[in-house]
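Chemist: sequence first, predicted coordinates after that:
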Amino acid sequence: MPLIVLMFVVFSTGAEERIIRVGGDRAHPPFEFLNEAGQPAGFNIELARAVAKTMGVTLQIELSSWTEARARLQYGIVDVLAGMYESPSRHDMIDFSQPFYNTDYILFVRKGSGIDGIEAIRSLRIATQEGDPGHEFLVAEGLGSNMLVLGERLELFQALIDGKVDCAVFSAPAGRIAIDDAAFSSLEAIATPLFNAGYCMAVRKGETALLASLDEGLSRLKANGEYDRLYRRWFGESETLHENAAPGVFAAIAVSLLTLSAVVLTRLRTAKRPAPRTADELSAVVRLRAELDARLQDALSLPDVPLEEEPAMVPVKASVIVAEDEAINRIYLKRVLEKAGYEVRATADGQAALEAASEGTWDFILMDVSMPRMDGLEATRRIRALEVERNAPHIPIIALTAHAYAEDRTACAQAGMDGFLPKPFTEPALWAEVSRIAESRLQENPPGR
């Protein structure tokens, strides 16, 4: 507990200089979304602003697609995600604040479907959002092959309307808001919970000072009643409020923090403080932030990942297809490959990757698994069929996916993929997999054969 106070005070020193960049989902009401004026809004956004006020810092909020928001956190373009459900699989790369909301995940179906729970959907088609806890839950339940993985919340419900799936798995509050729209009036929610998830603020692994400050801010808001006010503004009076707010618990935490603060402040007074920044140093910080903003606008603000003294990758051959629907990942991969000397054809979906593969000779393909129009698995199956039909050489295909369960690897292999690269990955990991595939290909087809 003393550590929390210590980090908060240290982090707040010179807070007038500190800008925290916050990312999130542009289409996840009531939590976070772009309103009619195109401005960030929602419970998460107002809560983040309230926490920032307690910390004495300024926020820059940038909402995007959920997949891109996660990539922005991974590559350091944003410092915090305003809201992210906590799950064991995410703890390797992300640190979570204390939960500020708990919600049930439920099924959404067409009215009169007769579907009433998890056992009823095991042989059905299921829509889920990429990177969402519902996605992870379905994979854990052994339902990975049944899934249609989509990028945006409303796409799930449109797929239900269009008959592409039999049900969708999503968080109860956000899903119910969606089906309140007249366009989705033929859908209904099945109230029986599939599982419960805690909603938190998220930072990159190891950002302990920032995380402690966020936790401190949340504790203060819950202790002084500001959390309750924001909750009622977005969700109204609900029996869930007591579970989510728990004001008595957090008031007790606040009392404990205040009891320990005198000891911590005494330590701080004797600690060596950093010298205040000069006007030139502050100007340099402002210039750097402006440069980063400009790079982000061009989707080129992803930092180069050092190879940690590994030798630069020398391409075995020079032509590659990158199939990736998220622009920020697609541009990153294209830039990294081109720096190494590759000629890159970038595509945004499986159909375009298939067309590119049919038009020329390629040395390998980096294939995202979850893409619109045609996913990576189907694109791979069709490329393999085309090779047989044309008696063409086998193109090595490396899967790119956020899911690394055994069944995901099996599905990729069965579709005809040669390699597997779980997201997020480092540049050395990319080259290691490319090199493995290249070496395997040379062993199968040695020069002169």
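Modeler: Done, it's in.
Chemist: Gln351 contacts Arg373, correct?
Modeler: Yes. Here Gln351 lies in contact with Arg373, judged by C-beta atoms under 8 Å, at a distance of 4.5 Å. Yep, even glycine has a C-beta here, placed from its N, CA and C like the rest.
Chemist: so those two - more neighbours on which side?
Modeler: Just comparing Gln351 and Arg373: by other C-beta atoms under 10 Å the higher neighbour count belongs to Gln351, 18 against 14.
Chemist: and the more buried one, its phi and psi?
Modeler: phi -60, psi -40 (degrees, to the nearest 10).
Chemist: from Arg18, how far off is Gly206?
Modeler: Per C-beta to C-beta, to the nearest Å, Gly206 is found 18 Å from Arg18.
Chemist: cool, and Arg220?
Modeler: In terms of C-beta to C-beta, Arg220 sits 18 Å off from Arg18.
Chemist: of the two, which one has the most company?
Modeler: Comparing Arg220 with Arg18 by other C-beta under 10 Å, the one with more neighbours is Arg220, at 21 against 18.
Chemist: helices or strands up against the helix or strand containing that one?
Modeler: Here Arg220 sits within helix 208-224, counting by DSSP states H and E. For helix 208-224, the elements it packs on are helix 2-12, helix 43-55, strand 94-96, strand 187-204, helix 226-235, helix 247-270, judged by 3 or more C-beta pairs under 8 Å, 6 or more residues apart in numbering; DSSP states H and E.
Chemist: now the helices for the stretch 301-449 of the chain?
Modeler: 327-339, 350-359, 376-390, 406-415, 427-444 (DSSP state H, counting those that start in this stretch).
Chemist: so what does the last one touch, helix or strand wise?
Modeler: I take that to be helix 427-444. Applying 3+ C-beta pairs under 8 Å, 6+ apart, we find helix 427-444 packed against helix 327-339, strand 364-368, strand 397-401, strand 419-422.
Chemist: now swap in the first one and tell me
Modeler: Secondary-structure packing of helix 327-339 (3+ C-beta pairs under 8 Å, 6+ apart): helix 66-74, strand 319-323, strand 343-347, helix 427-444.
Chemist: would you format those as a markdown table with distance to Gly198 and mean neighbour count included?
Modeler: As requested, the helices and strands packed on helix 327-339 are arranged in a markdown table below (distance: least, C-beta to C-beta, whole Å; neighbours: other C-beta atoms under 10 Å):
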| stretch | distance to Gly198 | mean neighbour count |
| --- | --- | --- |
| helix 66-74 | 17 | 23 |
| strand 319-323 | 34 | 24 |
| strand 343-347 | 37 | 18 |
| helix 427-444 | 30 | 15 |
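Chemist: save these as CSV, and put in mean pLDDT and distance to Asp215 too.
Modeler: What follows is the helices and strands packed on helix 327-339, written out as CSV (pLDDT from 0 to 100; distance: least, C-beta to C-beta, whole Å):
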stretch, mean pLDDT, distance to Asp215
helix 66-74, 84, 18
strand 319-323, 93, 39
strand 343-347, 91, 40
helix 427-444, 78, 31
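Chemist: now the ones you listed in JSON lines, with distance to Ile397?
Modeler: Putting the helices and strands packed on helix 327-339 into JSON lines (distance: least, C-beta to C-beta, whole Å) gives the following:
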{"stretch": "helix 66-74", "distance to Ile397": "21"}
{"stretch": "strand 319-323", "distance to Ile397": "9"}
{"stretch": "strand 343-347", "distance to Ile397": "13"}
{"stretch": "helix 427-444", "distance to Ile397": "9"}
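Chemist: and of these, who's closest to Ser358?
Modeler: Of all the helices and strands packed on helix 327-339, it is strand 319-323 that lies closest to Ser358, at 10.9 Å by C-beta to C-beta.
Chemist: list the helices and strands the closest one packs on?
Modeler: Using 3+ C-beta pairs under 8 Å, 6+ apart, strand 319-323 sits against helix 327-339, strand 343-347, helix 350-359, strand 364-368.
Chemist: tilt between the last one and helix 350-359?
Modeler: Spelled out, that is strand 364-368. Interaxial angle of strand 364-368 relative to helix 350-359 (axes from the mean of the first three to the mean of the last three C-alpha atoms, to 10 degrees): 170 degrees.
Chemist: and the angle from strand 364-368 to strand 397-401?
Modeler: Taking the same axes, to 10 degrees, strand 364-368 and strand 397-401 form an angle of 20 degrees between their directions.
Chemist: now do strand 364-368, average pLDDT.
Modeler: Mean pLDDT, strand 364-368: 94.
Chemist: same question for the third one.
Modeler: In this model, helix 350-359 has a mean pLDDT of 92.
Chemist: so where do the strands sit in the stretch 1-150 of the chain?
Modeler: 19-25, 27-28, 32-34, 40-41, 58-64, 80-85, 94-96, 101-110, 126-129, 147-150 (DSSP state E, counting those that start in this stretch).
Chemist: will you turn the ones you listed into CSV that also has distance to Leu430?
Modeler: Shown next, in CSV, are these (distance: least, C-beta to C-beta, whole Å):
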stretch, distance to Leu430
strand 19-25, 23
strand 27-28, 30
strand 32-34, 31
strand 40-41, 33
strand 58-64, 23
strand 80-85, 24
strand 94-96, 21
strand 101-110, 33
strand 126-129, 26
strand 147-150, 22
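Chemist: quickly list the domain ranges of the protein.
Modeler: The chain breaks down into these domains under automatic domain parsing: 2-101+198-292, 102-197, 319-444.
Chemist: and those, which one is worst for confidence?
Modeler: What stands lowest among these, in mean pLDDT terms, is domain 2-101+198-292, with a mean of 72.
Chemist: tell me which residue is most central in the chain.
Modeler: Taking C-alpha atoms, centre = their mean, the centroid of the chain lies closest to Arg70, which sits 2.8 Å from it.
Chemist: report the contact partners of that one.
Modeler: With contact set as C-beta atoms under 8 Å, 6 or more residues apart in numbering, Arg70 has these partners: Leu81, Gly131.
Chemist: from Ala223, how far out is it?
Modeler: From Arg70 to Ala223 the distance is 31 Å (C-beta to C-beta).
Chemist: contact partners of stretch 110-130?
Modeler: So stretch 110-130 is contacted by 66-67, 107, 109, 134-135, 138, 141, 143, 146-153, 155-157, 159-161, 164-170, 186-188, 190, 192, 194, 370, 402 (C-beta under 8 Å, 6+ apart).
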